[in-house]
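>>> based on what follows, work out the 3D shape:
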Amino acid sequence: MDLPRSSGVLLHITSLPTSFGIGDLGPAAYRFADFLEEADQQVWQVLPLVPTGKGHSPYSSPSTFAGNPLLISPEVLLENGLLQPEDLADRPAFSEERVHFETVVAYKSALLRRAFERFEATGTETDHNALAVFHEANADWLDDYALFTALKSSYAEVPWTDWPQPLARREQQALAAARQQEAQTIRFHIFTQFLFHRQWEALHAYCHARNIRILGDLPIYVAHDSADVWANPDLFHLGAAGHPTVVAGVPPDYFSATGQRWGNPIYRWDVMQKHNFAWWTQRLDRALTLFDLLRLDHFRGFAAYWEVPAKEETAINGRWVNAPGLALFQQVEKTLGRLPLLAENLGIITDEVTALMKHFGFSGMAVLQFAFGQDADMEFLPHNFTPNLVAYTGTHDNDTLIGWWTQAASTRDAEAEARERTYAHQYLNLDPADEREVHWRCIRLLMGSVARLVVTPLQDILGLGSEARMNTPGTESGNWTWRVHPDQLTQEHIFRLKALTRIYGRSVVKNPMIDIE
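Predicted coordinates:
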């Protein structure tokens, strides 16, 4: 991945401050883009923008292609005439600190229905033509998604394997009847995707005008209860009733004696390869129309993946199976050109994974929170960095820097914890009196490294504790809810971030002595 020396901030759209219970693609997103520009940041990293699934996770979605309707801004719809002021008058008293998804879903769904009814009744010919053009351009995934979502509503959100068998098996006569019966609901879901697309395109263009690139995120696997699996059952290891026969996960390791059983269906790579990886090409093409750069989650799985029999309750009794990553990316690059991909290569990485990344020039990751538990040869220590690297203080799956610094690690014994903390103090040249500034010391350390790109979660720039953590892997509740308060972003944060960015040559302005106040 061709990266200029630069830096950026990780903040998911849902964490933006709005009056509607959840961050969205409206004015708060534009203000955050302004914040990035003022602080000389050139990258905005977000999490997957897809509709959320189990636990409201963006990594468990009913579609890898669709946009999340909850991110549609009511304020922009008001500007466009699709909502009226009275439509927003009955807004609940939403929390400014947390997303309460159930309340948000109910409120925003009703708003989107009102917008759709107004569009149908008063939309201009130009508006309806624009919707038709969008539909035609995206029909290869949009038709299946809209029908799937309509049917999920009709059948009380049960998994597609519990639908009437003619629909679960996608018998053509049953699908045709469903499309006719659900025509208006299908059109509504196409309409919400159109709104999402239009609002995202506008924000993306605004960022480009300010020299800000968007770094997106793509999970390696998709959810079983998704339009992706329902529409393409031949691409996954499924039994006769549509249930997975094998599922994804990772084997037991230092952190988990039973491994992690994720439960996602495993790809039939042999079938995908026979079709020249058309589904993956389509998936990556869609993602790269939304983002300028793309992080591939669990890149390890493109070289070899841990396959667990679906009947197993843990990931212990799995096996490693080789994956055709080389053939996959060769075919995709043949169709789409060179790919601006960042490989999430955390955990135990084999020589095969490293060779695959090197072959295509994909950048890897380094996370500072993982750097101090071993010795001076640890690859995540900044003195061991290589240039083709994206360095993080932490990711959405980590505690915040302050939380990590002040909380004992549950996976380490007291002696190992003390040894790690002593080494971190020495490495950061940190006196006890300076511990309140540990987050800035860590950010400075990464900014001064040779890594071409440094990305810092906003929580670490703000110096927030564990209460601001975005996700705790292995837990099913309380995640993805954190929101930044509108008063937390200050001129001091802009000043300090800009100063480090210019001092270490990560700004488009290359003179570090320029007035940065």
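>>> may I have the phi/psi pair for R295?
For R295, the backbone dihedrals (degrees, to the nearest 10) come out as phi -90, psi 130.
>>> burial of the residue nearest to L11 when sequence neighbours are not counted, as a residue count?
In space, and not counting its chain neighbours, L11 is closest to L458: 4.4 Å by C-beta to C-beta, 6 or more residues apart in numbering. Every C-beta, even on glycine, is put in place using the N, C-alpha and C of the backbone. Close neighbours of L458, defined as other C-beta atoms under 10 Å, add up to 22.
>>> got a pLDDT number for L458?
Predicted confidence (pLDDT) for L458: 98.
>>> shift numbering so it begins at 32
Sure, I'll start numbering at 32, so the last one becomes L489.
>>> contact partners of stretch 111-121?
With contacts defined as C-beta atoms under 8 Å, 6 or more residues apart in numbering, stretch 111-121 is touched by 105, 108-109, 142, 145-146, 149-150, 153, 226.
>>> farthest pair within those residues?
Spatially, the most separated pair among those is P105 and T153, at 17.5 Å (C-beta to C-beta).
>>> so for the two, which sits in the more crowded spot?
P105 (23 against 10).
>>> I figured that one hits R145, correct?
No. Taking contacts as C-beta atoms under 8 Å, P105 lies outside contact range of R145: 9.9 Å.
>>> pLDDT below threshold where in the stretch 382-531 of the chain?
439-443 (pLDDT under 70).
>>> repeat the analysis, applying 80 as the threshold.
Along the stretch 382-531 of the chain, segments meeting pLDDT under 80 span 439-444, 463-465, 505.
>>> for F125, which non-adjacent residue is closest in space?
G52 (3.6 Å).
>>> show me the contacts for the one you found.
With C-beta under 8 Å, 6+ apart, G52 has these contacts: 123, 125-126, 130-131, 134-135, 138-139.
>>> farthest-apart pair in those residues, please.
Top of the distance list for these (C-beta to C-beta): S126 and K139, 14.9 Å.
>>> now stretch 228-238: buried residues?
Across stretch 228-238, burial judged by 16 or more other C-beta atoms under 10 Å covers 228-231, 234-235, 238.
>>> try stretch 465-483
Going by neighbour count (16+ other C-beta under 10 Å), the buried part of stretch 465-483 is 469-478, 480, 482-483.
>>> for stretch 132-152, C-alpha coordinates in PDB please.
Only the C-alpha atoms of stretch 132-152 are listed here, as PDB (Å, rounded to 0.1, in the frame of the first residue of the first chain):
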ATOM      1  CA  PHE A 132     -29.600   1.000  20.200                       C
ATOM      2  CA  GLU A 133     -33.200  -0.200  20.800                       C
ATOM      3  CA  THR A 134     -34.500   3.400  21.300                       C
ATOM      4  CA  VAL A 135     -32.400   4.600  18.300                       C
ATOM      5  CA  VAL A 136     -33.700   1.900  16.000                       C
ATOM      6  CA  ALA A 137     -37.300   2.600  16.900                       C
ATOM      7  CA  TYR A 138     -37.000   6.300  16.500                       C
ATOM      8  CA  LYS A 139     -34.900   6.400  13.300                       C
ATOM      9  CA  SER A 140     -36.900   3.700  11.600                       C
ATOM     10  CA  ALA A 141     -40.000   5.800  12.000                       C
ATOM     11  CA  LEU A 142     -38.200   8.900  10.600                       C
ATOM     12  CA  LEU A 143     -37.000   7.000   7.600                       C
ATOM     13  CA  ARG A 144     -40.600   5.700   6.900                       C
ATOM     14  CA  ARG A 145     -41.800   9.300   7.000                       C
ATOM     15  CA  ALA A 146     -39.000  10.400   4.600                       C
ATOM     16  CA  PHE A 147     -39.900   7.500   2.300                       C
ATOM     17  CA  GLU A 148     -43.600   8.400   2.200                       C
ATOM     18  CA  ARG A 149     -42.800  12.000   1.500                       C
ATOM     19  CA  PHE A 150     -40.400  11.000  -1.300                       C
ATOM     20  CA  GLU A 151     -43.000   8.800  -2.900                       C
ATOM     21  CA  ALA A 152     -45.600  11.500  -2.700                       C
END
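>>> pull out the buried positions in that stretch.
Buried, per 16+ other C-beta under 10 Å, within stretch 132-152: 132, 135-136, 138-139, 142-143, 145-147, 149-150.
>>> do the same with stretch 504-521
For stretch 504-521, using 16+ other C-beta under 10 Å, the buried residues are 510-515, 519-520.
>>> make TSV from these and add distance to T216 and secondary structure to it.
Below are those laid out as TSV (distance: C-beta to C-beta, whole Å; DSSP: H, G, I helix; E, B strand; the rest coil):
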residue	distance to T216	secondary structure
N510	30	coil
W511	27	coil
T512	29	coil
W513	33	strand
R514	31	coil
V515	35	coil
Q519	40	coil
L520	40	coil
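>>> just the strands in the stretch 182-331 of the chain please.
244-249, 277-281, 291-296, 324-327 (DSSP state E, counting those that start in this stretch).
>>> the stretch 332-481 of the chain now?
335-340, 350-353, 372-374, 395-398, 420-423.
>>> touching the third one from outside, list them.
In other words, strand 372-374. Residues outside strand 372-374 that contact it (C-beta under 8 Å, 6+ apart): 32, 246, 324-327, 330, 384, 388, 391, 393-396, 421.
>>> which two in those residues are spaced the farthest apart?
Using C-beta to C-beta, these span at most 20.7 Å, a distance reached by L246 and V384.
>>> dump the strands of the stretch 332-481 of the chain to JSON lines, plus distance to S92.
Putting the strands of the stretch 332-481 of the chain into JSON lines (distance: least, C-beta to C-beta, whole Å) gives the following:
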{"stretch": "strand 335-340", "distance to S92": "19"}
{"stretch": "strand 350-353", "distance to S92": "24"}
{"stretch": "strand 372-374", "distance to S92": "20"}
{"stretch": "strand 395-398", "distance to S92": "22"}
{"stretch": "strand 420-423", "distance to S92": "23"}
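>>> how near is R483 to L370?
R483 is 17 Å from L370, where distance means C-beta to C-beta, to the nearest Å.
>>> ok, R527 to T216 distance?
Remark: distance between R527 and T216 (C-beta to C-beta) = 50 Å.
>>> now do R314
Counting by C-beta to C-beta - R314 and T216 are separated by 25 Å.
>>> will you turn the strands of the stretch 182-331 of the chain into JSON lines that also has mean neighbour count?
JSON lines is the format used below for the strands of the stretch 182-331 of the chain (neighbours: other C-beta atoms under 10 Å):
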{"stretch": "strand 244-249", "mean neighbour count": "21"}
{"stretch": "strand 277-281", "mean neighbour count": "22"}
{"stretch": "strand 291-296", "mean neighbour count": "20"}
{"stretch": "strand 324-327", "mean neighbour count": "22"}
